[in-house]
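Following is a predicted model, sequence given first.
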Amino acid sequence: MLCRSVAVELEVTKELNKLLHSIEIAYLNIVREVVEYAVKHNATGASQLHRLFYSKYRQEYPDLNSGLVVQAIRQASEIAKSFMEERRKGLAYKPYPEVRSVSLRFVKTTWNYEQFIKSIAPVRIAISPISTGRGVSGRFEVWLRPHKRFWQYWWRVLRGEAELASTLMIKRRANKWYAVFVFNIKPREEEQKSIIAFDINENTVAVSRVDLPSTVSKVVNWNRQYMIPELYTIKTDFGRLARRYGKIRNAIIERLKPGFALPNGNYVNVTSTREFRKRVKRLRERVRKVGRVRQVANELTRTPAIIVTEELGNNPQESMISDVGKGELRHRIKQIPFKNIEEVVEDKALERGSKLFHVSSYRNSRVCPIHFTRLEGTNDWHTLQCSLGHYVDRDYASVANMMWKVTPEGWVKGVWWNLRREINWREYEGKSNTIIPYEIVILLQHIMENAKASLEQSPAVLARGKPMNPARGANEGRAREKASL
Ligand SMILES: [Zn+2]
């Protein structure tokens, strides 16, 4: 199920504002205490924590609606669980998770859910954050300030394409209160119109696209000349962006330094000062990056497609920089939002009826996609040379090889030139047909073979330029292991 949450500002009276603040404090206290206990005693189970803490907090906060106590304990269990998971992976460095803020969770019975979902154009909610004893609960009506995005999702609810989740979250941000509605959207079932492989690089995303004939039966009389994967790149400039912002940040540090000099001649760490943070915030680096990530995701998911991409590890940057050393390049690689692009694409893909298929990244840019021979490095990092003589652009080789990996040819050859590694057939059993229908796999095989045949005569299509500039910034365009073994 696909989730979208939409925050809508609440028109809160002074009285309710005060009340929500005090409820937030109580709620946060419960979450913090339970999280600490759970992590310390390695007891993260929700029902176990409920048994241990529910009556304690009912007594401590008799005015709090019992539904909120239940939710606070449950939320603590979730936070503790994910913290333990992070710690298991070695990603958490603190002894306890730091719970800075919470969103108050109102379950079905603590707000007017039933009434709300029957409305054609809901404009207010009623919440019951406190209990006034004897099962009577204090009920507050609050007006919403709905916006376009909310109406768009509400429209989907009315058309039966989405459902409103019964839990409502109330959240404070910069002294304004928001209701967060969660919509469960039914993924679309669409006929796939193309197969797209993409590969994320430092400054570009390389794309290979094959448009599928509307029905597979048309394959018999397809027009061969159109059946060659299209290769292109989307400019992202994440690396350049990182470099530019790095320079600006350094300039800010230099400018601020004199103001933070210590008597002994040293400087306070400028980057941890408020002044610095304020100025960096104004640069809007994150906003720009997020914008570009969305742009890439939109381009890749425009039409329903089978999207093929590399299997990234949990921390793709780490494996890339292991042999890069310290310094600027390392910083730039860390700035490329690999995981983020993958997640946004996956999310958009699901919403728009596309499907994502992962292939192993093994030797994607070390094999000639035409001859399946080993590629050697040239003095231009972008360009590789096939042992048969022609040049291949590294990015294009990579996406073309991803396409091959979907086909039976790819499974058989797996590693393509002399098989040094046994193929684990079990790994591929069943896997092949769950996402990509068998006919399409066969079709792609034909298309790739067709492309191969025509490219054998003019492999220049796969090369973007000749390697004439000697070692221009060695690793500039692609932060990955070198081509030669
Ligand atoms: Zn070749």
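Arrived safely, thanks for sending.

Next, give phi and psi for whichever residue of the stretch 201-350 of the chain sits closest to the ion.
Taking CB to the ion, the ion has its nearest neighbour within the stretch 201-350 of the chain at L231, 15.2 Å off. Yep, even glycine has a C-beta here, placed from its N, CA and C like the rest. Note on L231: backbone dihedrals following degrees, to the nearest 10 are phi -120, psi 130.

thought it was touching A463?
No - L231 lies out of contact with A463 (CB atoms under 8 Å); the separation is 10.6 Å.

Return every residue with contacts to both of the two.
Taking CB atoms under 8 Å, 6 or more residues apart in numbering as the criterion, L231 and A463 both touch Y396.

on that earlier part again, how about the residue of the stretch 201-350 of the chain closest to the ion, what does it touch?
L231 is in contact with A206, V207, S208, Y396, V399, A400, V461, L462, counting by CB under 8 Å, 6+ apart.

Wait, R209 touches P229, no?
Yes - the pair R209 and P229 qualifies as a contact (CB under 8 Å) at a distance of 6.5 Å.

Flag every residue of the stretch 151-300 of the chain that's near the ion.
For the stretch 151-300 of the chain, there are no residues in contact with the ion under the definition CB under 5 Å from the ion.

Now do the same for Q59: its pLDDT.
The predicted local distance difference test score for Q59 is 93.

Same question for N418.
Note for N418: predicted pLDDT of 47.

just to revisit the earlier point, compare R209 and P229 and say which is more crowded by neighbours.
P229 (25 against 19; other CB atoms under 10 Å).

List the residues that contact the more buried one.
Contacts here follow CB under 8 Å, 6+ apart; on that basis P229 touches S208, R209, V210, A400, M403, I447, M448, A451.

Could you dump those into a markdown table with pLDDT and secondary structure added?
Shown next, in a markdown table, are those (pLDDT from 0 to 100; DSSP: H, G, I helix; E, B strand; the rest coil):
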| residue | pLDDT | secondary structure |
| --- | --- | --- |
| S208 | 88 | strand |
| R209 | 87 | strand |
| V210 | 83 | strand |
| A400 | 88 | helix |
| M403 | 87 | helix |
| I447 | 80 | helix |
| M448 | 82 | helix |
| A451 | 79 | helix |
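
returning to what we had before: beta partners for the residue of the stretch 201-350 of the chain closest to the ion?
For L231, the beta-bridge partners are S208 (DSSP bridges).

Would you mind measuring from it to R366?
When CB to CB, to the nearest Å is the yardstick, L231 and R366 sit 18 Å from each other.

go on, N65?
Here the criterion is CB to CB. By it, N65 lies 61 Å from R366.

quick one: low-confidence ranges for the stretch 151-300 of the chain?
Low-confidence segments of the stretch 151-300 of the chain (pLDDT under 70): 213-227.

Do a quick rundown of the helices in it.
Under the criterion DSSP state H, counting those that start in this stretch, the stretch 151-300 of the chain contains helices at 238-256, 274-282, 285-300.

Need those in CSV (columns: mean neighbour count).
Rendered in CSV, the data for the helices of the stretch 151-300 of the chain read as follows (neighbours: other CB atoms under 10 Å):
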stretch, mean neighbour count
helix 238-256, 16
helix 274-282, 12
helix 285-300, 16
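
and of these, who's closest to F183?
Closest approach to F183 among those (CB to CB): helix 285-300, 19.0 Å.

For the helix or strand following the closest one, which strands pair with it and how are they oriented?
Reading on from helix 285-300 to the C-terminus, the next helix or strand found by DSSP states H and E is strand 305-310. The strands that strand 305-310 pairs with in its sheet are strand 194-200 (parallel), strand 355-359 (parallel) (by DSSP bridges).

hey, which of those strands is tucked in deepest?
strand 194-200 (a mean of 25; mean count of other CB atoms under 10 Å).

how distant is that one from the center of its chain?
Taking the mean of its C-alpha atoms, strand 194-200 sits 16 Å from the chain's own mean (CA atoms, centre = their mean, to the nearest Å).

The residue nearest the centre of the chain and H41, how far apart?
Central residue check for the chain by CA atoms, centre = their mean: the C-alpha nearest the mean position is that of E343, 2.5 Å away. From E343 across to H41, the span is 33 Å (CB to CB).

What of I442?
Distance, I442 to H41, using CB to CB: 56 Å.

Check the secondary structure at P369 for me.
Following DSSP: H, G, I helix; E, B strand; the rest coil, P369 is assigned to coil.

I figured it was touching N401, is that so?
Yes - at 5.2 Å, P369 and N401 qualify as touching, with contact defined as CB under 8 Å.

Which one's more surrounded, these two?
The neighbour count for P369 versus N401, taken as other CB under 10 Å, is higher for P369 (28 against 25).

which residues does the more buried one contact?
Residues counted as contacts of P369 (CB under 8 Å, 6+ apart) are V392, Y396, A397, A400, N401, M403, W404, K452, L462.

what's the answer for M448, then?
M448 sits next to P229, A400, M403, W404, T407, E409 when contact means CB under 8 Å, 6+ apart.

one step back: which two of the contacts of P229 have the greatest separation?
By the measure CB to CB, these have their two most distant members at R209 and M448, which lie 13.1 Å apart.

Skip the chain neighbours and tell me the closest residue to Y391.
A463 (4.1 Å; CB to CB, 6 or more residues apart in numbering).

no no, T273
What sits nearest to T273 in space, not counting adjacent residues and going by CB to CB, 6+ apart, is F260, at 6.4 Å.

right, and that neighbour touches V268 too?
Yes - counting by CB under 8 Å, a contact exists between F260 and V268, whose distance comes to 4.1 Å.

Look at the two and report which has more neighbours.
More neighbours surround F260 than the other of F260 and V268, with 16 against 13 (other CB under 10 Å).

any idea how far that one lies from E343?
Distance of F260 to E343, computed by CB to CB: 38 Å.

what's the answer for W151, then?
According to CB to CB, W151 and E343 sit 26 Å apart.

now S166
Using CB to CB, one obtains 26 Å as the distance from S166 to E343.

repeat for Y153
Here the distance between Y153 and E343 works out to 20 Å (CB to CB).

Can you give me the neighbour number for the residue of the stretch 1-150 of the chain found nearest the ion?
At 40.1 Å from the ion, K89 is the closest residue in the stretch 1-150 of the chain, using CB to the ion. K89 is flanked by 10 other residues according to other CB under 10 Å.

K257 too?
12.

Also E9?
For E9, which is what you asked about, the neighbour count (other CB under 10 Å) is 15.

do the one 5 residues further on as well
Other residues within reach of K14, judged by other CB under 10 Å, total 7.
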